[in-house]
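Asks: Here's a sequence, model it:
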Amino acid sequence: MSQYSRIRKYHSFFRFKQDFERYSLKKARSYEIIIHWLHSKMSRSQFLMLSGILVGTAAGLGGVALKMLVHYIHYVITYKVHFSTQIIFYALFPFLGIVLTTLMVIWFFKGQSRKGIPAILYEIAQNSSLVPAVKMYSQILQSAVTVGLGGSAGLESPIAVTGAAIGSNYARIYHLGYKERTLLLAAGATAGIAAAFNAPIAGMMFAFEILLTGVVFSDFIPLILAAVCGSLLSKVILQEEVLFHFQSREPFNYHNLPYYIILSILCGLYARYFVVFSQWVEHFFHRRQWSKLQKAMLGGGVVALLCVIMPPLFGEGYTSVKLLVNGDAGNIIEHSFLRYVHLENWIVLLFAGSVCLLKVFATSFTIHSGGNGGNFAPSLFAGAFLGYFFAMVCEQAGMKDVPIVNLVIVGMAGVMSGVLYAPLTAIFLIAESSSGYDLFIPLMLVSTISFLIGKWFSPISPDLKELADAGKIFTREHDRNILSILKIEPLIEKDVQQIDIQCSLRQLVELVKQGKRNMVAVVNQQQFLEGIITLEDIRPIMFNPALYDSTTVGELMKAPPALVHPEDSAAFVMQKLDETHSWNLPVVEQNRLLGFVSKSGILNRYRQLLQEYSNDD
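Replies: Next comes the predicted model:
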């Protein structure tokens, strides 16, 4: 019987393969046929678990490959070349990296400007979680050139975008719905972050805190499987020196709580400085009417100069962070011009403070002038140096038993939490990377206070505020999220009655007799909207035939209470309808009437979407 069952399964597969090749609109690869067949045989939850493993493996491999490539380039420059030669690299490579990345974008990727995590959030909210297929490799190539050649940014955001693109396009190939597509998009990003840090829990926290904000899900298993796959690949393939991992730390002592409280305030204020200056640099380049190449040359020049002055700013900077944690700050200074100066404590203090302050300049100019990277690594780097600087100040002030290593480790979580508005991600990332679960109390304290300070200045992350205000990404306001998905153009009711402004009341009455609406649009010969007429406006005179030929439509019409444009958001249109106490508003484009949009039409579509997004089947 079992043999007969196996024969039936084989026959079922080959029958499916034959039909698929015959009727499919495209030629599929052999492995795609197998997955299509499995999709037809598996339940929804089973296929999602399989998909989580496949997407997690692919995204994890992408992240591992990028980390290995960039680490090898940095290793050659930092350890295989003498400092006098390194200076040439520091002066030349960051400039080349940003310029070459910009040329790649212009020549090969059609000048695409939207990048980073905000771009993924935009695709989730506005493009039904459909990420362009080009992002499955474009982000890796661009960030490898930018960061590999010394751009002062991180690889984690490009890795997350790559994973998200892999998950989204996998779901599109196998015809999965919006909820499944969004889930696998998040699974790909989760695997990418897990692979980058060998931190599966942090990868999941990143998905929940940042990517899936405002999205309700009950399926967590695919995320877990993707995180495990990404983390395992990182553990198996990457060597210890590539991983963001360190063991040195001191046991937590509750007597040191004052240090952590002060550090948390410093982290929150520094994070605010980080995001505000980054926004200023972004606006600086946005206001300049320069070509992309000119902006890249300016940014590359600034970053190269900063790397020459302060070599730890070169690239991701994780090597410097590990040296700080291991108490080897002198090794960092040896690779800078300060190697020629006799080391005093105040010089070390000045060096750490300068690196911390200048990291914001280097990162902002790298990213906003045309390079590709993210704020993950820069925030961790800056947090480590801030924690070290604070610890050295305390020591110089005569305080005893300062937990230097712990302040460096906890400082990373504090600044990352304040910059990314992701306290849980920061807590678990540092705990997993340092095996520092005994530091959970200071990690939670510092991350939470830093996050609250940032929220006090700006309730929404400044990186996302513009998109959130425009209703282009999801927030924690779930009603507004559904409205942000609605597009006004498909809701335009075009079967409206129109009448020329020169027509008489008689013609208007005849038109009303044939119509089913209580509103008529008044237009001129060019089809430009002049006004509207409602049944309430003409009811007092429509039964007086003596006025039929002496009264014109122009005398009866009134201005519409508000106008709607096709590009307006549904939330904005609903606000207009509420403010004007209207049920219908005209939609115009360059004053030409397109139709009407109704409150009932928006509410009906809202109700349909709410059903779709709440359905777990």
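Asks: Helices of the stretch 451-600 of the chain, start to end?
Replies: 462-469, 478-485, 505-514, 535-538, 553-556, 570-580, 599-614 (DSSP state H, counting those that start in this stretch).
Asks: Which residue comes closest to residue 66 once chain neighbours are left out?
Replies: residue 140 (5.2 Å; CB to CB, 6 or more residues apart in numbering). C-beta here means a position set from N, CA and C on the backbone, and glycine is covered the same way.
Asks: was I right about that neighbour contacting residue 59?
Replies: No: Residue 140 is not in contact with residue 59 according to CB atoms under 8 Å; the separation is 10.7 Å.
Asks: Mind listing the shared neighbours of the two?
Replies: Residues touching both residue 140 and residue 59 (CB atoms under 8 Å, 6 or more residues apart in numbering) are 159, 162.
Asks: Pick out the residue nearest the middle of the chain.
Replies: residue 117 (1.8 Å; CA atoms, centre = their mean).
Asks: you'd agree that one is up against residue 161?
Replies: Yes: the criterion here is CB under 8 Å, and residue 117 meets it with residue 161 at 7.2 Å.
Asks: What sits closest to residue 222 if chain neighbours are left out?
Replies: Per CB to CB, 6+ apart, closest to residue 222 is residue 52, 3.0 Å.
Asks: Could you check which of residue 140 and residue 59 has the larger neighbour count?
Replies: The residue with more neighbours, out of residue 140 and residue 59 and counting by other CB atoms under 10 Å, is residue 59; that gives 35 against 21.
Asks: Please state the backbone phi and psi of that one?
Replies: For residue 59, the backbone dihedrals (degrees, to the nearest 10) come out as phi -70, psi -40.
Asks: Can you give me every residue that contacts it?
Replies: Residues counted as contacts of residue 59 (CB under 8 Å, 6+ apart) are 159, 162-163, 166-167, 187-189, 191-192, 195, 226, 230.
Asks: Could you rerun that using 7 Å?
Replies: With CB atoms under 7 Å, 6 or more residues apart in numbering as the criterion, the residues that contact residue 59 are 162-163, 166-167, 188, 191-192, 230.
Asks: How far away from the center of its chain is the host helix or strand of residue 392?
Replies: With the criterion set as DSSP states H and E, the secondary-structure element containing residue 392 is helix 376-396. A distance of 26 Å separates the centroid of the chain from that of helix 376-396, by CA atoms, centre = their mean, to the nearest Å.
Asks: and the next element down the chain from it?
Replies: Tracing the chain C-terminally past helix 376-396 and defining elements by DSSP H and E, one meets helix 404-420 next.
Asks: quick one: whichever helix or strand comes after that next one to helix 376-396, angle?
Replies: In the C-terminal direction, the helix or strand that comes right after helix 404-420 (DSSP H and E) is helix 423-434. Comparing the axes of helix 423-434 and helix 376-396 via axes from the mean of the first three to the mean of the last three CA atoms, to 10 degrees yields an angle of 70 degrees.
Asks: which SS class is the residue nearest to residue 66?
Replies: Of the three states, residue 140 takes helix according to DSSP: H, G, I helix; E, B strand; the rest coil.
Asks: and it, how far is that from residue 61?
Replies: Plainly put, residue 140 is 11 Å away from residue 61 if you go by CB to CB, to the nearest Å.
Asks: dump the residue contacts of residue 558.
Replies: Listed by CB under 7 Å, 6+ apart, the contact set of residue 558 reads 531-532, 537.
Asks: Return the set of buried residues in the helix or strand containing residue 51.
Replies: Assigned by DSSP H and E, residue 51 falls within helix 44-79. Judged by neighbour count using 16 or more other CB atoms under 10 Å, the buried positions of helix 44-79 are 47-67, 69-71, 73-74, 77-78.
Asks: I'd like the distance from that helix to the chain centre, please.
Replies: Averaging C-alpha coordinates over helix 44-79 and over its chain gives two centres that are 18 Å apart (CA atoms, centre = their mean).
Asks: Name the next helix or strand following that helix along the chain.
Replies: Downstream of helix 44-79, the first helix or strand assigned by DSSP H and E is helix 83-107.
Asks: which other helices and strands contact that following helix?
Replies: Counting contacts by 3 or more CB pairs under 7 Å, 6 or more residues apart in numbering; DSSP states H and E, the secondary-structure elements packed against helix 83-107 are helix 138-148, helix 292-309.
Asks: repeat that with 10 Å
Replies: Applying 3 or more CB pairs under 10 Å, 6 or more residues apart in numbering; DSSP states H and E, one finds that helix 83-107 contacts helix 44-79, helix 138-148, helix 292-309, helix 345-368.
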